[in-house]
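# generate a structure from the sequence data that follows.
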Amino acid sequence: MQKELSIRDIDRIIEMAWEDRTPFDAILMQFGLKEQEVINLMRREMKPSSFRMWRKRVQGRKTKHSKKRTFEEGRFKCSRQKQITHNKISKRN
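Residues are numbered from 1 along each chain as shown. Next up is the predicted model:
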């Protein structure tokens with residue numbers, strides 16, 4: 001039996017499901033929904049065309065499945081990504 005989710009929770013789950021680098025495991029840990037339950041929620045809450053676009057986008061995507069990721073811990077970070085220190089973006093000289 002699935003727990004009752006608030007509208008805010010559903011919105012956050014949909015947002016996380018759309019994010020490329022948020023794995024289904026993160027949704028499971030935070031909301032207790034397995035991948036198939038997330039798929040069912042997306043199907044129920046989205047327009048059919050949006051759902052098909054999302055499924056096409058995430059199907060087989062390595063970043064959505066923790067076990068398929070090429071990096072083990074933390075997040076991928078581009079070498080060109082700016083450093084953030086003390087809530088201010090460091091400027092390049």
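# and the strands in this protein?
Using DSSP state E, the strands of the chain run over 84-85, 88-89.
# okay, residue 20: pLDDT?
pLDDT, residue 20: 82.
# ranking helices and strands of this protein by mean pLDDT, which lands last?
In the chain, the helix or strand scored least confidently by mean pLDDT, DSSP states H and E is strand 88-89, which has a mean of 52.
# gap between residue 48 and residue 37?
Distance, residue 48 to residue 37, using Cβ to Cβ, to the nearest Å: 19 Å. The way it works is simple: take the backbone N, C-alpha and C, and place the C-beta from them, glycine included.
# who has more neighbours out of the two?
The residue with more neighbours, out of residue 48 and residue 37, is residue 37; 16 against 8, by other Cβ atoms under 10 Å.
# what about residue 17, how many residues close to it?
Residue 17: 22 neighbours (other Cβ under 10 Å).
# same check on residue 9?
Count around residue 9 with other Cβ under 10 Å applied: 15.
# could you report the neighbour count for the residue nearest to it when sequence neighbours are not counted?
Among residues not flanking residue 9 along the chain, residue 31 sits closest, at 6.3 Å (Cβ to Cβ, 6 or more residues apart in numbering). By other Cβ under 10 Å, the residues close to residue 31 number 17.
# and if you look at the one 10 residues further on?
Residue 41 is flanked by 20 other residues according to other Cβ under 10 Å.
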